[in-house]
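Participant: Need coordinates for the below:
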Amino acid sequence: MSVDTSKSTALESTQDQDADAIHRAQELSGLVGDAPSAVPGYRILKPIGEGKYGSVWLAREQNTGKHVAIKFYTHRRGVDWSLLGREVEKLAVLYTSRNIVGLLAVGWDHDPPYYVMEYLENGSLAAQLAAGPIATADAVRIGTRICQALVHAHGSGILHCDLKPANILLDHDFEPRLCDFGQSRLADEHSHSLGTLFYMAPEQADLKAVPDARWDVYALGALFYNMLTGVPPHRTNENEQRLSDAGTLEDRLTVYRYLVQSGPKPALHRRVSGVDQQLAEIIDRCLAIDPSKRFPNAQAVLDRLVARERFRARRPLILLGLVLPLLLLLFLVPLAMEAMNDAVNTTQENLTRRALESDVLSVNLLADSINRELEDRRHELESLAASKELRQIVADYATKPLADRNPLLQLLGRLKRENDVRLTELGRVKDASWFLLDASGIQRWREPPSEKLDQNFAGRHFFHGGDFDYPENEIPIDNHPLQNLLISKPFKSSNSELFVVALSVPVLDPQIDEKVIGVLCRTLTLGNLLKDYQRSWQRNEVDGVNRKLAIVDGSDQDGKKTWQLVAHSWMDDSKLGNISENDFKKLRLEGTVDEDVIHDLEQLMKQSRKSDEGTSPEGEFDRTRQYIDPVREFDPDAYGGKWLAAFSRVGSTKWFAIVQERKDAALRPVEELRARMRTSAIVGIIVVFGLVVGSWWLIIALLNERAPRWIRFWRHRSSGIGTTTLSLTAKGSDSD
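Facilitator: I've put the predicted structure just below:
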């Protein structure tokens, strides 16, 4: 098959590095000689280049003084004049494009023939790239201008077929101009045209190939790649050596096709700073090995470049559209959180205050009830101890042997039974025991009976009225029975082995009122102290709050208040019967945890004295938000954590009634409110964030040429473009 020598010559002349041709042109431009011929209207200044067809000279138009380039065809031998004429014809057709070198004049009848074109003083793009890759912004600008030139050429039915840096000239503003249409073809021509290795599409490297607009698309991608990386795609020393080793033209074309089609996908451009995803995808699609996967023409590439620039220009606004709502959201979130916390804290404060006010009312009622109960039992005991009959019998029989004590035993037994009947009829808890001690502390009677009858209890505090018990061998000689009513400290009964509290009153001599001849006592188990009130509260509790009741004793021991727990909802005979006296002492308010509570109780005691003196109490020492229940030592699951508690002094005693409720239970509505508000806030933030992101994505999709098909269809429908136009667009610049 015969091959046009122009094709072979074009391939051979462009396979070498463009820098060599540049070097030769620079050497030539330094020569001084005579021009091949004079051109009317122009003054030839100096040579600026030389090619296989002739030389190029810098000249000045005499009328305007404008510099031009004149190309003389001095090498006439072997010149394909049809090829040269085609270049001039193409330049003449494309003279209106500002991105293509302008043709100014032609002298075919001159000897030698010439044509005059624009002079671009900054030389070719190849000369610029000889120093290395250029900035991404400059590469995009130059590539876009060349793409516009190709669009103009393709629109005029002309395919360049040899796009490369050497065929791009730069004007004084470094704006590119496309030149050298020597290998160009008309769109309907079927004659082959070879381009330059490493810029030529793989299917173009076939002498039977028919010219296609996608050849220029591939070369445009290679041009972009070269500007960004400094080398065209697939160009390596190894590949150049393999091409040089090929013998014939067809062998070289075959090797080139193999190298491009089997080589790794060019990817150096993706590592270049400033190359975004859209630009990288444009270059990748231009360099697609399969022509059907490339852009169909230069217009499609230009549309994508314009869309990218439009997107980049709008990106600050788009980013602002995302950032502003997010900043607003971030600004509003702390305000909303602060408002939510304020609302929650206010609600919590109000709820806590209401709960404590309710607890204060309850504990005052409880303290009054306990005081009345103690007063009732105390009055009854004092009344009995003051009766002449009892005083006389105690005086007559208390010190006699047990067998001679029947009148005393019968009287006290009858009084105890009558009292039990009365308490039962009233629905109140009966006493644990009654007993009588003589003036020396010996127990002379007890109901229920005890094996320890006639034993000495002179060292016990409920006998002598002190703050503590004396050891049996350390009872002082001057130990005397108490002179006034005493509510004892809790102690473990030696008979029942239960913890009890005693009310003790002196029994005076019937003849001498100042002489104490005995001590009459009645005891209550600690577990029963609050039993009546606990049952009553469980029946009448209307607000659904599970309150616990307690009594704490602030008596002194060794000069220090013990704050011993006397009664508690947890305490019953089974629990108290299973703990030792040392364990029982753990049921106290003590340590750093209870310092504030102890301080409040002490202040409350002072306030009680001020009230008795007619002075108004100051401060709220009758409540606390940080109460720690001593019972937590034995039942942490039920009584651990913090409680709301209210205190009230029981009459003139050193006892304090306590009404407590779980802090977390009291504030559960607040936590539920906080949880609902937090959930609503999170949902609101997610919704707002979703709306912002969704709106942002929709705006980007609408601005992006690669928007989803349904968005593109809606966009075309909304702009009034019909189905035919949509179809053409899909097959044209927007087809993938």
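Participant: SS state for Ala675?
Facilitator: Following DSSP: H, G, I helix; E, B strand; the rest coil, Ala675 is assigned to helix.
Participant: where's it relative to Ala681, distance?
Facilitator: Separation of Ala675 from Ala681 (Cβ to Cβ, to the nearest Å): 11 Å. C-beta coordinates here come from the backbone N, C-alpha and C atoms, glycine included.
Participant: Give me the more crowded residue out of the two.
Facilitator: Ala681 (14 against 10; other Cβ atoms under 10 Å).
Participant: In the helix or strand hosting the more buried one, which residues are buried?
Facilitator: Using DSSP states H and E, Ala681 sits in helix 668-703. Residues 670, 673-674, 677, 688, 692, 696, 700 are the ones in helix 668-703 that count as buried (16 or more other Cβ atoms under 10 Å).
Participant: can you check stretch 220-236 too?
Facilitator: Across stretch 220-236, burial judged by 16+ other Cβ under 10 Å covers 220-229, 231-235.
Participant: mind checking how far the residue nearest to Pro291 when sequence neighbours are not counted is from Pro202?
Facilitator: Leaving out its chain neighbours, the residue that sits closest to Pro291 by Cβ to Cβ, 6 or more residues apart in numbering is Arg214, at 4.7 Å. Look at Arg214 and Pro202: by Cβ to Cβ, they are 11 Å apart.
Participant: Can you pick out the residue with more neighbours from those two?
Facilitator: The neighbour comparison of Arg214 against Pro202 (other Cβ under 10 Å) goes to Arg214, with 24 against 20.
Participant: contacting residues around that one?
Facilitator: When the contact criterion is Cβ atoms under 8 Å, 6 or more residues apart in numbering, the partners of Arg214 are 201, 291, 294-297.
Participant: quick one on the thing from earlier: next one: the helix holding Ala681 to chain centre, how far?
Facilitator: In this view, helix 668-703 has its centroid 13 Å away from the chain centroid, taken as Cα atoms, centre = their mean, to the nearest Å.
Participant: Work out for me the element the residue nearest to Pro291 sits within.
Facilitator: helix 213-229.
Participant: From the chain's centroid, how far away is the helix or strand following that helix?
Facilitator: Going down the chain from helix 213-229, the next helix or strand is helix 237-245, by DSSP H and E. Averaged C-alpha coordinates place helix 237-245 at 57 Å from its chain's average position (Cα atoms, centre = their mean).
Participant: and helix 237-245, what does it pack onto?
Facilitator: Applying 3 or more Cβ pairs under 8 Å, 6 or more residues apart in numbering; DSSP states H and E, we find helix 237-245 packed against helix 249-262.
Participant: contacting residues around the helix it packs on?
Facilitator: Residues from elsewhere that reach helix 249-262 (Cβ under 8 Å, 6+ apart): 3, 8, 11, 194, 197, 200, 202-203, 205-207, 233-234, 239, 242-243, 246, 289.
Participant: which residues of the stretch 451-600 of the chain score low on pLDDT?
Facilitator: Low-confidence segments of the stretch 451-600 of the chain (pLDDT under 70): 538-544, 558-559, 591-593.
Participant: can you give me the helices for it?
Facilitator: Applying DSSP state H, counting those that start in this stretch to the stretch 451-600 of the chain gives helices spanning 461-464, 526-529, 531-540, 573-576, 581-584, 595-612.
Participant: Tabulate those helices (TSV), appending mean neighbour count and distance to Pro36.
Facilitator: Output for the helices of the stretch 451-600 of the chain, formatted as TSV (neighbours: other Cβ atoms under 10 Å; distance: least, Cβ to Cβ, whole Å):
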stretch	mean neighbour count	distance to Pro36
helix 461-464	24	140
helix 526-529	23	131
helix 531-540	14	125
helix 573-576	16	126
helix 581-584	12	125
helix 595-612	16	112
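Participant: I would like the residues contacting stretch 562-574, please.
Facilitator: So stretch 562-574 is contacted by 489-490, 498-499, 501, 525-527, 529-530, 534, 548-556, 585, 587-590, 594, 598, 601, 630-631, 634-635, 638-639, 655 (Cβ under 8 Å, 6+ apart).
Participant: in the stretch 251-400 of the chain, which spans are helices?
Facilitator: Using DSSP H, counting those that start in this stretch, helices in the stretch 251-400 of the chain cover 277-286, 298-386, 388-397.
Participant: average model confidence for the first one?
Facilitator: For helix 277-286, the per-residue pLDDT values average out at 94.
Participant: Going by neighbour count, which residues in it are buried?
Facilitator: Going by neighbour count (16+ other Cβ under 10 Å), the buried part of helix 277-286 is 278-280, 282-286.
Participant: repeat for the last one
Facilitator: Residues of helix 388-397 classed as buried: 390-391, 393-395, 397 (neighbour count, 16+ other Cβ under 10 Å).
Participant: After that helix, which helix or strand is next?
Facilitator: helix 406-425.
Participant: could you give the angle of that following helix to helix 531-540?
Facilitator: 10 degrees (axes from the mean of the first three to the mean of the last three Cα atoms, to 10 degrees).
Participant: residue ranges with poor pLDDT in this protein?
Facilitator: For the chain, applying pLDDT under 70 flags the ranges 1-33, 51-53, 75-96, 318, 538-544, 558-559, 591-593, 609-619, 699-736.
Participant: Single out the most deeply packed of the helices of the stretch 251-400 of the chain.
Facilitator: Neighbour counts (mean count of other Cβ atoms under 10 Å) averaged over each of those peak at helix 277-286, with a mean of 19.
Participant: CA atoms of that helix as PDB?
Facilitator: This file holds the C-alpha atoms of helix 277-286, laid out as PDB (Å, rounded to 0.1, in the frame of the first residue of the first chain):
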ATOM      1  CA  GLN A 277     -11.600  16.100  40.800                       C
ATOM      2  CA  GLN A 278     -13.600  17.700  38.000                       C
ATOM      3  CA  LEU A 279     -10.400  18.700  36.000                       C
ATOM      4  CA  ALA A 280      -8.800  15.300  36.600                       C
ATOM      5  CA  GLU A 281     -12.000  13.600  35.300                       C
ATOM      6  CA  ILE A 282     -12.000  15.900  32.200                       C
ATOM      7  CA  ILE A 283      -8.400  14.900  31.400                       C
ATOM      8  CA  ASP A 284      -9.100  11.200  32.100                       C
ATOM      9  CA  ARG A 285     -12.100  11.200  29.800                       C
ATOM     10  CA  CYS A 286     -10.100  13.000  27.000                       C
END
